[in-house]
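Student: Need the 3D shape of this:
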Amino acid sequence: MPSLARKLRLHDYFALAFGTMIGTGWLVLMDDWLGRGGPAGAALAFALGGIILLPVGYVYGQWVKRLPDAAGEAAYTAQVFPPIVSYFTGWMMLLAYFIVCPWEAVALGKIAAYIFPWLDSFELYRVAGQPVFLPRLVLGIALTLLLATINYRGIRLSANFQKTMSSMVLLIFLALVGISAVRGVPANFHPAFRATPFLSILLTLQIVPYFLTGFESVPKYAEEANPDFRQTSYMQAIGLALGVGALFYALSITAVAYIAPWQSLLGKRFATAIAFEHGIGRHWPVQLILAMALFGLFQCFNGNFAASTRMLFAFARRGTVATRFATIHERFSTPSVAVIGVTVGTLLGLLLGDAILVPITEVGSMASALGWLAACVSFWLVEPRPRMRFPTGLGICVSLLLLLMKLVPAFPGHFTPTEWIALAIWLLIGAILHRRSQSASAILAK
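Tutor: Next comes the predicted model:
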């Protein structure tokens, strides 16, 4: 029976995890971040998010050593909870990865239209008042099919693509931070907070889980590690991706607010590019930023696409969704049917256009926090040693707080009706797939 290829090393795991975290949010949503917390509030929220998520990263590092299963949270919760709890926990975490794929496919058209305005033509229809243009739709479809082909043909090809994109993102990012440090002025940074410091940090912290989701993707590829890969390296990859990712976002916000007055950027599309263009007085930084955005988009799309396919494959192998998704390609050793399934889902989400951008951020953030909470609670129940329970308990508290901030109306920035509807639709899809799988299993048993 064919099995997944075992070819990944530490730098591959870092690139896959880091790339899953860093996409185009720092360009497309910078005005939203600054509007939530101001430069200091937003930057501190991302830095704080990286720190408080370290215990969660620790739990995932421990889990992958004990249970190297691509099902991730579904496999962990199955150790202590009923199968239905395990399934829907995994289904929610799959949402956190999969939902990024149509997000990035839509973002490609949005970025490209900034360079080539003629792409905003040939309107096909509208979703929630937002137009869907044919040229932008074609671009999103083309990118989706390209990444589907890469992932269909092998994890080695996908990992090499990921490393190339991550290297380009980091190189351009360092150049932009240097430009801001030289050309920016402290006066642009004031006022440092949008509201009170506490509220500014809180409002941004609510969406941080969505943008830091990815460090826990490392276990999803545990079955594809090189035979000589050391178990302790999983923890290194998780910690490195989480630290570099949080620092990336914090410095991005700081660099933008330092080079141009941040309040003038509110409500502006592509505020990051506008800030550098105004700060330097030339257009070439915009081209550099858009190039970096495209590299970031490719790596984030690819990382989340690959993680989604591994989870769908693992669910099918466990019999919780249709078993055909567990098919492994004999030549390429990839979950080929799962790749096709995620491709189709991405293309359907792409049809919703720009209307999905903000709701996806909110729902994905909640789904990530729920998955982290489930992994931490499960580890607490299977690990009695106090020295390991202490960081696990911290992880439980952090994940629970992040989850409640999205679900409890008492918190500012809680779920809106639109986001509840999006969540309900995803749960309904999961219930239908699960029911069909169970019905098929029952028929075969007879």
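Student: Run through the strands of the chain in chain order.
Tutor: In the chain, strands defined by DSSP state E lie at 123-127, 130-133, listed in chain order.
Student: Can you tell me which of these is most buried?
Tutor: Among these, ranked by average contacts under mean count of other Cβ atoms under 10 Å, first place goes to strand 130-133 (a mean of 18). All C-beta atoms are positioned from the backbone trio N, CA, C, and that covers glycine.
Student: who does it touch, helix- and strand-wise?
Tutor: Counting contacts by 3 or more Cβ pairs under 8 Å, 6 or more residues apart in numbering; DSSP states H and E, strand 130-133 is packed against strand 123-127.
Student: same for the strand it packs on, what does it pack against?
Tutor: Checked by 3+ Cβ pairs under 8 Å, 6+ apart, strand 123-127 has strand 130-133, helix 134-152 packed alongside it.
Student: which neighbours does it have in its sheet, and in what orientation?
Tutor: strand 130-133 (antiparallel) (DSSP bridges).
Student: Using CSV, write out every CA atom in the partner strand.
Tutor: Extracted C-alpha coordinates of strand 130-133, given in CSV (Å, rounded to 0.1, in the frame of the first residue of the first chain):
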residue,chain,number,x,y,z
GLN,A,130,-19.0,43.9,-3.2
PRO,A,131,-18.4,43.5,-7.0
VAL,A,132,-16.8,40.3,-8.4
PHE,A,133,-14.8,41.1,-11.6
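Student: residues making contact with it?
Tutor: Contact with strand 130-133 is made by 109, 113, 119-126, 351-355, as judged by Cβ atoms under 8 Å, 6 or more residues apart in numbering.
Student: Export the strands of the chain to a markdown table and append columns for mean pLDDT and distance to residue 266.
Tutor: Formatted as a markdown table, these follow (pLDDT from 0 to 100; distance: least, Cβ to Cβ, whole Å):
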| stretch | mean pLDDT | distance to residue 266 |
| --- | --- | --- |
| strand 123-127 | 86 | 25 |
| strand 130-133 | 85 | 20 |
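Student: Which of the ones you listed sits closest to residue 174?
Tutor: Among the strands of the chain, strand 130-133 comes nearest to residue 174, with 34.3 Å by Cβ to Cβ.
Student: distance between the closest one and the chain's centre?
Tutor: Relative to its parent chain, strand 130-133 has a centroid offset of 24 Å by Cα atoms, centre = their mean, to the nearest Å.
Student: circling back to that earlier point, mean pLDDT lowest for which of the helices and strands packed on strand 123-127?
Tutor: Within those, confidence is poorest for strand 130-133, with a mean of 85 (mean pLDDT).
Student: ok, back up a step: which one of the contacts of strand 130-133 is nearest residue 43?
Tutor: Looking across these and measuring by Cβ to Cβ, the closest to residue 43 is residue 354, at 26.5 Å.
Student: What subset of the contacts of strand 130-133 is buried?
Tutor: Neighbour-count burial (16 or more other Cβ atoms under 10 Å) applied to the contacts of strand 130-133 gives 109, 113, 119-120, 351-355.
Student: wait, what's in contact with the closest residue to residue 253 other than its chain neighbours?
Tutor: Excluding its sequence neighbours, the residue lying closest to residue 253 (Cβ to Cβ, 6 or more residues apart in numbering) is residue 43, at 4.4 Å. If a contact means Cβ under 8 Å, 6+ apart, then residue 43 has 249-251, 253-254, 257 as its contacts.
Student: mind putting the residues you listed in JSON lines, distance to residue 315 and pLDDT included?
Tutor: Shown next, in JSON lines, are those (distance: Cβ to Cβ, whole Å; pLDDT from 0 to 100):
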{"residue": "249", "distance to residue 315": "30", "pLDDT": "96"}
{"residue": "250", "distance to residue 315": "35", "pLDDT": "95"}
{"residue": "251", "distance to residue 315": "37", "pLDDT": "95"}
{"residue": "253", "distance to residue 315": "36", "pLDDT": "95"}
{"residue": "254", "distance to residue 315": "40", "pLDDT": "95"}
{"residue": "257", "distance to residue 315": "42", "pLDDT": "94"}
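Student: biggest separation within those, which pair?
Tutor: Across these, the longest distance by Cβ to Cβ is 12.9 Å; it joins 249 and 257.
Student: Just send the strands of the chain back as JSON lines, with distance to residue 371 too.
Tutor: Listed next are those as JSON lines, based on distance: least, Cβ to Cβ, whole Å:
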{"stretch": "strand 123-127", "distance to residue 371": "28"}
{"stretch": "strand 130-133", "distance to residue 371": "29"}
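Student: So for residue 38, which of the ones you listed sits nearest?
Tutor: Nearest to residue 38 among the strands of the chain is strand 130-133 (27.3 Å), distances taken as Cβ to Cβ.
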